[in-house]
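> Have a look; sequence and predicted model below, questions after that.
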Amino acid sequence: QESLCTMATISGFVEKQGKVNTGWKRRWLALFTGVNEAVLQYHGNADSPLKGVIDFKDVVEIVDSRACATRTTFPHTSPKWKNVPPSQRFAVITSSRSYFFLAQSDMEANKWVAKLKDALELCSQTSA
């Protein structure tokens with residue numbers, strides 16, 4: 001049985017757009033990777049109960065800030081971007097939902113996108 005590592009590959013606070021209440025909420029986001037798998041977990045705070053999990057087996061695309069700034073349509077739903085620099089935006093698209101995030105800085109957004117793309121590539125290689 002393969003398992004995820006217990007240490008997050010990357011973690012930190014971001015804002016996430018809600019699915020039903022489409023307002024933005026501060027969330028603790030943590031990416032865990034392992035052999036052949038990766039999951040992205042989000043919590044209210046680092047030590048609070050889990051609010052959701054994105055399994056990378058379902059992820060079809062990571063959308064970086066440049067693409068978020070120019071893209072006009074997304075599958076499943078549309079973002080309601082806050083008035084923040086487009087360079088702080090990123091999205092995770094799964095087969096059933098689009099997740100929209102705002103990082104605290106351009107540098108943080110770039111770090112998240114790089115790690116998320118690495119995780120997606122890892123999962124894509126092993127499922128091919």
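Perfect, I can see it now.
> ok, residue 76 touching residue 100?
No - taking contacts as CB atoms under 8 Å, residue 76 lies outside contact range of residue 100: 10.6 Å. Where you see a C-beta, it was placed from the backbone N, CA and C, and this is true even at glycine.
> neighbour count winner among the two?
residue 100 (24 against 12; other CB atoms under 10 Å).
> Who does that one form a beta bridge with?
For residue 100, the beta-bridge partners under DSSP bridges are residue 91.
> what about the closest residue to residue 86 other than its chain neighbours, neighbour count?
Leaving out its chain neighbours, the residue that sits closest to residue 86 by CB to CB, 6 or more residues apart in numbering is residue 69, at 3.5 Å. Using other CB under 10 Å, residue 69 has 12 neighbouring residues.
> just residue 48 next, same as before
10.
> The one 3 residues further on too?
Residue 51 has 13 neighbours, counted by other CB under 10 Å.
> unless I'm mixing things up, it is touching residue 44, no?
Yes - counting by CB under 8 Å, residue 51 does reach residue 44; the two are 6.3 Å apart.
> what touches both of the two?
Here residue 51 and residue 44 share the contacting residues residue 27, scored by CB atoms under 8 Å, 6 or more residues apart in numbering.
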